[in-house]
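Student: With the sequence up front, the predicted model follows.
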Amino acid sequence: MKTRVVIIGAGVVGASIARVLSRYENLEVHLIEKAVDAGMGVSKANTGIIHPGHEDDPDRYPLRAKLCVRGNRLWYQWTQELRIPAKWPGELMVALEEEDMKVAEHYLELARRNGVPGVRLVDRDELLKLEPNVNPNAAGALWAPTAGMMSSPVAAVALTENAVDNGVRFHPETEVRGIRVERGEVKGVETNRGFFEADVVINAAGLYADKISAMAGIDTFTIRPRRGQYYIFDDDAGPKVRRIVHQTPTPTTKGVYVITEMNDGVMIGPTAEDLPEDAKDDTSTTREGLEFVWEMAKKLVKGLPPRKKVIRTFAGLRPEPPDGRWIIEAYDDPLGFINVAGIRSPGLTAAPAIAHYVVEELIQGKLDVKLTQKSSWNPYGRGFWFKALPREKQAELIKRDPAYGRVICTCRTITEGDIVNAINRMKRMGVKTISLDGVKLRTGVMGGTCQGAFCRVRIASIIAREAGIPLWKVTQKGEGSEYGIGDVKVLLRGEKDEE
Ligand SMILES: Cc1cc2nc3c(=O)[nH]c(=O)nc-3n(C[C@H](O)[C@H](O)[C@H](O)COP(=O)(O)OP(=O)(O)OC[C@H]3O[C@@H](n4cnc5c(N)ncnc54)[C@H](O)[C@@H]3O)c2cc1C
């Protein structure tokens with residue numbers, strides 16, 4: 001008989017675990033997500049850095065330190081296999097003052113202890129060569145060449161799609177409301193869509209992992225939201241930076257990053273603000289938070305793009321465990337329950353390594369589940385972007401499907417073909433509600449200069465057509481976020497309003 005595994009939460013962590021588990025044939029794996037799609041929680045809004053692994057103290061956070069370094073290496077392979085846009089520009093931890101070089105030296109020592117390759121101190125001259133836009137008065141920096149960046153919104157959906165391609169069942173719009181435990185063993189999860197039997201339940205519920213854990217009788221921790229606010233500039237706005245740049249951390253701030261995103265726009269942020277435990281949805285931005293980001297970024301680089309070139313501000317929430325320690329554990333009581341909770345930064349970086357750790361150390365190790373490799377497992381993702389194809393391939397594709405010749409998102413050159421392809425893949429993956437955010441995560445539409453002002457209605461119309469629903473029923477991210485209030489021209493056409 002197959003071992004039944006339920007994973008709660010299709011963020012980058014739960015989806016990575018699903019992908020690793022999809023390699024084994026003697027498992028039945030269900031990935032359960034309360035939102036309309038994968039990757040709509042913490043994993044949607046972050047800095048997107050694949051950290052090298054020299055910022056975690058191996059004495060205080062041994063697991064974080066180990067899994068971050070391993071995750072960095074795994075993403076080299078995973079981003080290629082899954083076709084997640086990524087680049088590896090390296091990272092500069094800038095010492096703005098001479099005395100900050102001591103802080104940089106401390107992180108050099110951590111790099112050595114964590115086994116991070118290539119990390120070294122650079123003086124001002126070399127710093128300015130590596131990053132001409134950095135503050136010319138800076139004393140020097142710590143250079144970490146293995147740092148990368150990825151399009152983090154794409155990650156969880158690409159991982160989930162690949163897991164589904166390999167046999168995992170994805171259940172969006174399914175909220176876990178209880179965990180059934182009998183005689184000290186987990187038996188499954190209660191949801192708004194019925195009961196899922198399970199021998200192993202993995203809690204990867206992000207900000208809500210404390211609530212899920214309490215449902216299994218383990219209420220020993222709380223997860224607090226730590227907010228991070230950002231600015232994004234227009235893709236064409238300069239000056240830019242070549243590397244990932246941030247300042248040496250101080251006791252009061254970990255500092256602000258200045259980066260050039262995957263889409264070529266400059267991004268600055270984030271703040272680190274501890275919010276009350278019940279503010280798990282508070283992704284608002286504030287004047288003070290944004291001012292702080294601006295001031296910090298201004299100290300770090302010679303030039304920022306002008307404020308009028310800001311196209312968006314936004315905030316993400318880190319799931320902060322009580323003492324900064326990730327809670328990755330399998331329990332004796334209830335047996336079969338695994339917490340992967342409080343996965344704060346660098347959780348994006350470590351996600352592939354966390355997944356291997358959970359499968360190898362906890363499922364195979366502690367729970368003693370024997371796993372058999374599938375003879376055929378497909379590591380490759382389906383994503384592609386028309387704009388990135390060579391000209392001949394584009395012409396071929398347009399010939400086969402003229403929708404690839406109709407540009408819908410003019411800011412980012414995304415075609416109707418890209419959008420329809422994304423919608424078809426969403427359906428195949430098990431997404432029930434094709435939302436504007438779901439299409440945005442996969443294609444990048446509405447992320448450019450116009451932020452959807454020009455193209456949103458056209459994208460919503462394509463969704464309406466492909467999903468067979470009226471335009472005003474298309475939602476931003478599921479029920480309650482409908483695009484419109486009804487058919488406003490029904491009387492004009494002399495028809496009866498059905499709604
Ligand atoms: C501002 C900021 C900057 C960051 N920068 C970086 C960075 O540069 N590099 C890096 O490595 N990391 C970074 N991180 C950290 C990283 O984003 C997180 O560690 C990671 O995204 C956590 O993923 P997750 O899967 O644990 O959580 P989530 O993505 O939140 O996934 C959990 C999922 O569980 C679902 N869920 C919750 N409750 C239920 C329920 N009852 N039933 C069903 N489903 C449920 C949620 O809807 C959600 O989709 C940053 C985080 C923030 C906020």
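Tutor: Good, I have the coordinates.

Student: Following the chain past the host helix or strand of V186, name the next helix or strand.
Tutor: Using DSSP states H and E, V186 sits in strand 185-191. Using DSSP H and E, the helix or strand that follows strand 185-191 in sequence is strand 194-197.

Student: Report the strands that pair with that following strand, each with its relative direction.
Tutor: Applying DSSP bridges to the sheet, strand 194-197 is found paired with strand 185-191 (antiparallel).

Student: hmm, who's touching the partner strand?
Tutor: If you take CB atoms under 8 Å, 6 or more residues apart in numbering as the criterion, strand 185-191 is touched by 4, 6, 8, 32, 171, 174-181, 195-201, 216, 334-337. Using the backbone N, CA and C atoms, a C-beta is placed for each residue, glycine as well.

Student: How about it and the ligand, touching?
Tutor: No: figure legend: strand 185-191 not in contact with the ligand (CB under 6 Å from any ligand atom); closest approach 7.1 Å.

Student: quick one: buried residues of that strand?
Tutor: Within strand 185-191, the residues that count as buried by 16 or more other CB atoms under 10 Å are V186, K187, G188, V189, T191.

Student: Now list the buried members of the contacts of strand 185-191.
Tutor: 4, 6, 8, 32, 171, 174-176, 179-181, 196, 198-201, 216, 334-337.

Student: Filtering the residues you listed by proximity to the ligand, which remain?
Tutor: I8, I32, E175, V176.

Student: Take those residues and write them to a markdown table, including pLDDT, distance to G381 and secondary structure.
Tutor: Formatted as a markdown table, these follow (pLDDT from 0 to 100; distance: CB to CB, whole Å; DSSP: H, G, I helix; E, B strand; the rest coil):
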| residue | pLDDT | distance to G381 | secondary structure |
| --- | --- | --- | --- |
| I8 | 99 | 23 | strand |
| I32 | 98 | 22 | strand |
| E175 | 98 | 27 | coil |
| V176 | 98 | 27 | strand |
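
Student: Could you work out the most separated pair of the residues you listed?
Tutor: By the measure CB to CB, I8 and E175 form the most distant pair in these, at 9.5 Å.

Student: Which one of the buried residues of strand 185-191 is nearest to V369?
Tutor: Nearest member of the buried residues of strand 185-191 to V369, counting by CB to CB, is V186, at 13.1 Å.

Student: Next one: whatever residue of the stretch 351-499 of the chain ends up closest to the ligand from E98, what distance?
Tutor: Of all residues in the stretch 351-499 of the chain, A351 sits closest to the ligand, at 6.9 Å by CB to the nearest ligand atom. Separation of A351 from E98 (CB to CB, to the nearest Å): 37 Å.

Student: and what of E295?
Tutor: Taking CB to CB, one finds E295 at 21 Å from E98.

Student: Between the buried residues of strand 185-191, which sits nearest the ligand?
Tutor: Nearest to the ligand among the buried residues of strand 185-191, with distances taken as CB to the nearest ligand atom, is T191, at 7.1 Å.

Student: Name the residue in A351 and E98 with the higher neighbour count.
Tutor: A351 (29 against 10; other CB atoms under 10 Å).
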